[in-house]
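Visitor: Give me a 3D structure for the following:
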Amino acid sequence: MSNLTLFVLGHEKEAIKNTCSLIKEKSYLKLVPVNLNDLDLSNYPENYNTKLLSENRFFLCDWNIQTEYIGIISYSWPKKFRAFNLNSIISNIFYQINEEKVLAPRIADKDWPENSEKEHHAGIEFYLKELSLFMDYGDRWRSYSLWCNTFFCHKNTYDLFLKDWRLMFGYLDEKYKMNFNFDCSKEYVNEERKAAYLLERATMMYFAQSNFYINQINKVKFL
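Guide: Residues are numbered from 1 along each chain as shown. Got it, this is the predicted structure:
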């Protein structure tokens with residue numbers, strides 16, 4: 001039988017616990033609460049284990065994943081994605097997913113690089129273009145992708161993603177030390193999270209250029 005490891009990420013113990021308490025136990029589900037502040041990032045500068053990298057810290061750690069599928073969500077799911085009943089998604093996940101599909105609650109259209117540049121972070125596309133050259137992605141990354149570090153996929157898919165993501169992280173870390181020069185003056189963005197914003201776009205870039213099908217999770221009313 002297919003099985004799933006679901007990681008619930010956050011930086012507040014009680015908030016993570018509250019979200020996990022909403023998820024019903026399943027024989028095929030392994031639920032893993034992750035307090036980002038407790039991760040062992042001793043091989044990195046101290047300030048990396050802060051909001052500088054935010055949820056991207058998760059991808060710097062090695063997880064002993066023994067299940068066929070993996071899900072990564074934020075503790076804020078009940079607020080961010082009220083249209084999606086998480087328990088219904090988990091119950092029906094294996095009808096919507098396979099090794100070629102990635103599921104996410106929010107899909108980004110092919111104009112996401114330009115929209116991100118215009119609406120959120122003026123100057124960020126410079127770094128995305130540089131990453132695409134480094135990774136030899138060509139223009140394939142200017143395509144549909146997923147928003148947020150929130151998705152479900154096959155473990156083999158995750159391993160392929162993580163390999164490229166860590167290459168991109170290593171390149172940016174060596175060259176820029178996570179200090180980037182793009183605009184974060186909009187009221188809904190945080191200057192201290194520049195690196196996190198760019199690394200989230202690196203995730204989007206990977207899935208946009210990949211051969212995986214990026215599908216939106218079927219909506220069901222939040223009960």
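Visitor: Could you use CA atoms for every contact and neighbour count after this?
Guide: Will do.
Visitor: Check residue 79 and give its pLDDT.
Guide: We have a pLDDT of 86 for residue 79.
Visitor: Can you report how many residues lie near it?
Guide: 8 (other CA atoms under 10 Å).
Visitor: hang on, it in a helix?
Guide: Yes: the assignment for residue 79 (DSSP: H, G, I helix; E, B strand; the rest coil) places it in a helix.
Visitor: Now do the strands in this protein.
Guide: Under the criterion DSSP state E, the chain carries strands at the ranges 4-10, 29-35, 69-74, 101-104, 107-108, 145-146, 151-154, 213-216.
Visitor: now, of those strands, which is deepest in the fold?
Guide: strand 145-146 (a mean of 28; mean count of other CA atoms under 10 Å).
Visitor: From the contact counts, what lies against it?
Guide: Judged by 3 or more CA pairs under 8 Å, 6 or more residues apart in numbering; DSSP states H and E, strand 145-146 is in contact with strand 107-108, helix 194-209.
Visitor: So which of those is the most surrounded?
Guide: helix 194-209 (a mean of 22).
Visitor: and the residue most central in space within the chain, what is it in contact with?
Guide: By CA atoms, centre = their mean, the chain has its centre lying nearest to residue 149, at 1.7 Å. Each residue near residue 149 by CA atoms under 8 Å, 6 or more residues apart in numbering is listed here: 55-56, 72-74, 200, 203.
Visitor: same deal with residue 117?
Guide: 123-125.
Visitor: now swap in residue 37 and tell me
Guide: Taking CA under 8 Å, 6+ apart as the test, what residue 37 contacts is 11, 49-50.
Visitor: hmm, 6 Å instead?
Guide: residue 11 (CA atoms under 6 Å, 6 or more residues apart in numbering).
Visitor: how near is it to residue 210?
Guide: Residue 37 sits at a distance of 31 Å from residue 210 (criterion: CA to CA, to the nearest Å).
Visitor: Please produce JSON lines containing the strands of the chain, extended by distance to residue 173 and mean pLDDT.
Guide: As requested, those are exported to JSON lines (distance: least, CA to CA, whole Å; pLDDT from 0 to 100):
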{"stretch": "strand 4-10", "distance to residue 173": "23", "mean pLDDT": "97"}
{"stretch": "strand 29-35", "distance to residue 173": "23", "mean pLDDT": "97"}
{"stretch": "strand 69-74", "distance to residue 173": "24", "mean pLDDT": "96"}
{"stretch": "strand 101-104", "distance to residue 173": "27", "mean pLDDT": "95"}
{"stretch": "strand 107-108", "distance to residue 173": "26", "mean pLDDT": "94"}
{"stretch": "strand 145-146", "distance to residue 173": "24", "mean pLDDT": "96"}
{"stretch": "strand 151-154", "distance to residue 173": "25", "mean pLDDT": "96"}
{"stretch": "strand 213-216", "distance to residue 173": "28", "mean pLDDT": "94"}
